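Engineer: Please find the sequence and the predicted model below.
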Amino acid sequence: QVQLVESGGGLVQAGGSLRLSCAASERTFSSYAMGWFRQAPGKEREFVAAISWSVGNTYYADSVKGRFTISRDNAKNTVYLQMNSLKPEDTAVYYCAASKVAALRGYRYWGQGTQVTVSS
């Protein structure tokens with residue numbers, strides 16, 4: 001059972017930056033693909049970014065490409081999401097998730113989420 005704890009959310013003005021962190025309890029963290037998802041009020045949860053377990057291939061939703069960067073530190077069992085040039089439409093609860101299957105599917109373990117609010 002993988003436990004995930006997100007941190008780093010908050011209130012920021014449009015154009016600002018935030019870095020989210022997700023700490024994993026699992027000592028085999030390096031064998032999991034990790035992803036970030038978000039859910040805005042009244043909307044379905046959507047994919048934001050993912051990073052593979054092996055060579056660190058990264059994947060992004062078109063809406064965040066060029067603004068967000070996902071990275072991982074396997075020594076610290078932590079995955080990060082650097083968010084730059086934030087827009088009001090980025091406002092959502094952000095969740096990290098872990099997959100043993102692949103970077104773009106099979107997410108079985110989820111964190112509790114962290115709120116990101118971008119003011120205009």
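Structural biologist: Here it is on my side, so go on. Residues are numbered from 1 along each chain as shown.
Engineer: Please enumerate the strands of the protein.
Structural biologist: Ranges of strands in the chain, per DSSP state E, are 4-7, 10-13, 18-24, 33-39, 46-51, 58-60, 68-73, 78-83, 92-102, 105-110, 114-119.
Engineer: Quick test: name the residue nearest the centre of this protein.
Structural biologist: residue 36 (2.6 Å; Cα atoms, centre = their mean).
Engineer: Quickly list what it is bridged to.
Structural biologist: Beta-bridge partners of residue 36, counted by DSSP bridges, are residue 49, residue 96.
Engineer: Enumerate every residue touching it.
Structural biologist: Residues in contact with residue 36, defined by Cβ atoms under 8 Å, 6 or more residues apart in numbering, are 20, 22, 48-50, 70, 79, 81, 94-97. For glycine as for every other residue, the C-beta is placed from the backbone atoms N, C-alpha and C.
Engineer: from the residues you listed, which would you call buried?
Structural biologist: Buried by 16 or more other Cβ atoms under 10 Å: 20, 22, 48-50, 70, 79, 81, 94-97, out of those.
Engineer: With distance to residue 29 and pLDDT added, can I get the residues you listed in CSV?
Structural biologist: CSV is the format used below for those (distance: Cβ to Cβ, whole Å; pLDDT from 0 to 100):
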residue, distance to residue 29, pLDDT
20, 16, 98
22, 10, 97
48, 19, 98
49, 17, 98
50, 15, 97
70, 15, 97
79, 9, 96
81, 16, 98
94, 19, 98
95, 17, 98
96, 12, 97
97, 13, 97
